[in-house]
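> Okay, here's the prediction I keep looking at, along with the sequence it came from:
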Amino acid sequence: MKTYYHLAELVFRQAEKYKNKTAIRHRNPNGKWIKVSWTDFSECVRLASQAMVEFGITEQENIGICSQNMIECFYTDFGAYGIRAVPVPMYATSSPAQIEYIVRDANIRFLFVGEQLQYNNAFKVQQRNDGQIKRIIIFDPAVVRNPNDQTSIYYDDFLRLGDNGLAETEVKVRRSQVTPEDLASIVYTSGTTGEPKGVMLTHANFLEVLRIHDIRLEVVNDNDLSMCFLPLTHIFEKAWTCFCIHKGVEIAINQDPKKIQELLPEVQPTLMCNVPRFWEKVYAGVNEKMNSFPGVIQRLAQRAIRIGQKYQLDYKRVGEKAPFALRLKFHFYDKTIFTVLKRVVGLKKGRVFPVAGAPLADNIAEFLISVNIPIRYGYGLSETSATVCFYPEVNYKIGSIGTIMPDLEVKIDSENNEILVKGKTITSGYYNKPEETEKVFTTDGFFRTGDAGHLEGNTLYFQERIKDLFKTSNGKYIAPQAIEMSLSSCLYVEQCVAIANERKFVSALIVPAFPALEAYAERKGITWQNREDLITKEEIIRLYDSNIVVCQKDFASYEKIKRFTLLSEPFTMESGELTDTLKLRRNVIAKNYAEQIDKMYEE
């Protein structure tokens, strides 16, 4: 029977097993990859625990971590687990107001920060909050501290403080007292519809995550290398990295999300969890690459994809052996054309790529699987410790969000088709919000996800986010995510927001994928001065009109986009139009683009 170690013990147990084998690699400021062994990992965790004790951090006290992905995040998280403290992650892009809200709500006295931006924002919060934040601990030694700062400390100095016998003894005592019922983390939701809520997750939740993923992902082993790309603040990445550490998987840390395309070919990970937006870009990039091939090669690539689709979806997907000739053709294309396509994005060694966080268009899922990019599409929430369901290796259904995880109960509310979930990975509730907690649980203990769906056996299908549903002035209900997702596979669309609530018809704000659009304009001999000028050209409007018609051919007439506006600037987190998890803040977008929206509904 497999042993599952409490997160306070896990790193030390793995260090005993793997010793000098590489546990984590990260890049230094010069771009060189630094390898950290399991022994060194455990030593830094031990020092972090002792330094926290020296600082006076108490059992089950909340500590804040506002940073991009850095190795110090791992030391701090697991150091906190070792003294029964509770890490509260915040997105590196958080504004001072967002940091202040969490600091107050979670009563945070000690705040760990990454680089200059996070330090500057944290210092502002400290100055205007009556000294609630006692100390700021800075990961990056290059950060320049404010001249008036009397309380912050650099992380290396912080670790040295704890290197003493008294702190070591206290940590040993606390580690011996850990329980599965201890709070492990508070993960704040993105607050798309109101103020953020702190999702309380216990060590028992994480232990169950490890157990059920072992059952469903037997293929993952200690020869794998996982790219840590999504923010560790995101429950998807947080739970996934815990699973990787449990499996002895080496982790490569991507600190700057903008550099992912540069780093993937360097690292060549076998594992990486990601959101659909990443794969939409991969899909667009691969198609763009194929379009640049000479005509003969293009036709060969298209034939290869058809062969891949037949082999992967008609046979391998359902666990059947393909005919010999088809197997031969597939393996030939896999070693040639598919390898070239995967090498473009650094994914040629991929074995398991979990994808969740938003809907993924069926045609993109089919394409990725056809070219042998091994995605495992699924569904989950912070409140469910991430995974509720995902594609198994065989017998998955395209169009679904996968099969239910072991020992998790899922049922559908007969009144509004809401997905209800119950099991050992489900949160106990929201921090400091008993009324909100009461609202999200049924009388028989099921968690209300807020998502509509349906079940076919053990396979779950997503329909729409219930709170996002629009009702037109004609009384028709519209699911905006389905409309937006239909355009996600369009080469020329970067972002799309559907508009319909209390309107006569559906319209859309569309941000073009400008590199692809500019290349199109050059091919067609269209001249333009700048992007604002380009999106007004009649030929460009016709291009989008025709693409929308194709993408929405299967929609009911009242669901189809009747008018659209092209925008020269993208929706951003800085403008408040996107959450830190890249979800749309529809109310902010509606306010910021009220003039453009109203114009689309003029007679």
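Perfect, thanks for sending it.
> I'd like the average pLDDT over the biggest helix by length in the chain.
Longest helix of the chain, by residue count under DSSP state H: helix 38-55. The pLDDT scores in helix 38-55 average 97.
> cool, and stretch 483-499?
On average, stretch 483-499 scores 90.
> Need the distance between the two termini of that stretch.
Using C-alpha to C-alpha, to the nearest Å, one end of stretch 483-499 lies 10 Å from the other.
> And that stretch, how far out from the chain middle?
19 Å (C-alpha atoms, centre = their mean, to the nearest Å).
> who are the neighbours in contact with Ile305?
Phe367, Ser370, Val371 (C-beta atoms under 8 Å, 6 or more residues apart in numbering). Heads up, the C-betas are built off the backbone N, CA and C, glycines and all.
> 7 Å - rerun?
Ser370, Val371 (C-beta atoms under 7 Å, 6 or more residues apart in numbering).
> Phe293 versus that one, what's the distance?
13 Å (C-beta to C-beta, to the nearest Å).
> now do Pro180
Pro180 is 55 Å from Phe293, by C-beta to C-beta.
> Over to Ile597?
From Ile597 to Phe293 the distance is 40 Å (C-beta to C-beta).
> chain center to the longest strand anywhere in the chain, what's the gap?
When the chain is parsed with DSSP state E, its longest strand is strand 447-456. In this view, strand 447-456 has its centroid 20 Å away from the chain centroid, taken as C-alpha atoms, centre = their mean.
> buried ones in that strand?
For strand 447-456, burial by neighbour count (16 or more other C-beta atoms under 10 Å) applies to Phe447, Arg448, Thr449, Asp451, Ala452, Gly453.
> Just the pLDDT for the fourth one.
If I follow you right, that is Asp451. 93.
> tell me which element the closest residue to it other than its chain neighbours falls in.
Excluding the flanking residues, the one nearest Asp451 by C-beta to C-beta, 6 or more residues apart in numbering is Ile419, at 5.0 Å. Assigned by DSSP states H and E, Ile419 belongs to strand 418-422.
> Quick check: mean pLDDT of the following helix or strand past the longest strand of the chain?
Heading C-terminal from strand 447-456, the first helix or strand you meet, by DSSP H and E, is strand 459-465. Averaging pLDDT along strand 459-465 yields 93.
> What lies in contact with strand 459-465?
Here strand 459-465 has contacts from 359, 379, 389, 397, 399-404, 410, 417, 450-454, 479, 481-482, using C-beta under 7 Å, 6+ apart.
> Among those, which lie within helices?
Gln481, Ala482.
> Are any of the contacts of strand 459-465 buried, and if so which?
Applying 16+ other C-beta under 10 Å to the contacts of strand 459-465 flags 359, 379, 389, 397, 400-404, 410, 451-453, 479, 481-482 as buried.
> what ranges do the strands span in the stretch 401-550 of the chain?
403-404, 409-412, 418-422, 429-430, 447-456, 459-465, 470-471, 477-478, 493-499, 506-512 (DSSP state E, counting those that start in this stretch).
> Glu383 is nearest to which of the ones you listed?
strand 447-456 (5.9 Å; C-beta to C-beta).
> got the contact list for the closest one?
381, 383-384, 410, 412, 416-422, 426, 440-442, 460-467.
> Could you give the bridge partners of the residue nearest to Asp451?
Counting by DSSP bridges, Ile419 is bridged to Ile412.
> For Arg465, see how far away it is.
Taken as C-beta to C-beta, the span from Ile419 to Arg465 is 11 Å.
> ok, now Asn395?
Asn395 is 27 Å from Arg465, by C-beta to C-beta.
> So for Ile597 and Phe293, which sits in the more crowded spot?
Legend: neighbour count by other C-beta atoms under 10 Å for Ile597 and Phe293, higher for Ile597 (20 against 15).
> pretty sure the more buried one is touching Ile499, no?
Yes: using C-beta atoms under 7 Å, Ile597 is in contact with Ile499, at 5.6 Å.
> who touches both of these two?
By C-beta under 7 Å, 6+ apart, the residues touching both Ile597 and Ile499 are Ser507.
> For this protein, give me the ranges with low pLDDT.
By pLDDT under 70, the low-scoring segments of the chain are 191-194.
> Let's see that with 50 instead.
Within the chain, no stretch has pLDDT under 50.
> mind listing the helices for the stretch 51-200 of the chain?
Secondary structure of the stretch 51-200 of the chain by DSSP state H, counting those that start in this stretch: the helices cover 71-82, 96-105, 116-127, 155-161, 165-176.
> Can I get those in CSV including mean neighbour count?
Converted to CSV, those look like this (neighbours: other C-beta atoms under 10 Å):
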stretch, mean neighbour count
helix 71-82, 26
helix 96-105, 19
helix 116-127, 20
helix 155-161, 17
helix 165-176, 15
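> Indicate which one of the ones you listed is closest to Tyr311.
Of the helices of the stretch 51-200 of the chain, nearest to Tyr311 by C-beta to C-beta is helix 71-82, at 39.6 Å.
> rewinding a little: is it possible to mark the buried ones in the contacts of strand 447-456?
381, 383-384, 410, 412, 418-422, 426, 440-441, 460-466.
> State the distance from Asp133 to Lys411.
Not quite, residue 133 is Ile, not Asp. 44 Å.
> and what of Val113?
43 Å.
> With Ala479 instead?
21 Å.
> what does Leu491 give?
From Leu491 to Lys411 the distance is 40 Å (C-beta to C-beta).
> ok, now Ala122?
43 Å.
> Contact partners for Ile57?
Ile57 neighbours (C-beta under 7 Å, 6+ apart): Ile63, Ile83, Ala85, Phe110.
> For those residues, give me CSV that also has distance to Asp314 and neighbour count.
Listed next are the contacts of Ile57 as CSV, based on distance: C-beta to C-beta, whole Å; neighbours: other C-beta atoms under 10 Å:
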residue, distance to Asp314, neighbour count
Ile63, 52, 23
Ile83, 54, 27
Ala85, 52, 26
Phe110, 56, 21
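> of those residues, closest to Val286?
Ile63 (42.3 Å).
> quick one, what contacts the closest one?
Ile57, Ala80, Ala85, Val86, Pro87, Val88, Ile108, Phe110, Phe112.
> and the gap between the spatially closest residue to Lys560 that is not a sequence neighbour and Phe139?
In space, and not counting its chain neighbours, Lys560 is closest to Gln552: 4.9 Å by C-beta to C-beta, 6+ apart. Distance check for Gln552 against Phe139: by C-beta to C-beta, it reads 47 Å.
> Which other helices and strands does the helix or strand hosting Glu16 contact?
Element membership of Glu16 [criterion: DSSP H and E] is helix 7-18. Contact here means 3 or more C-beta pairs under 7 Å, 6 or more residues apart in numbering; DSSP states H and E; on that basis helix 7-18 packs against helix 38-55, helix 71-82, helix 235-247.
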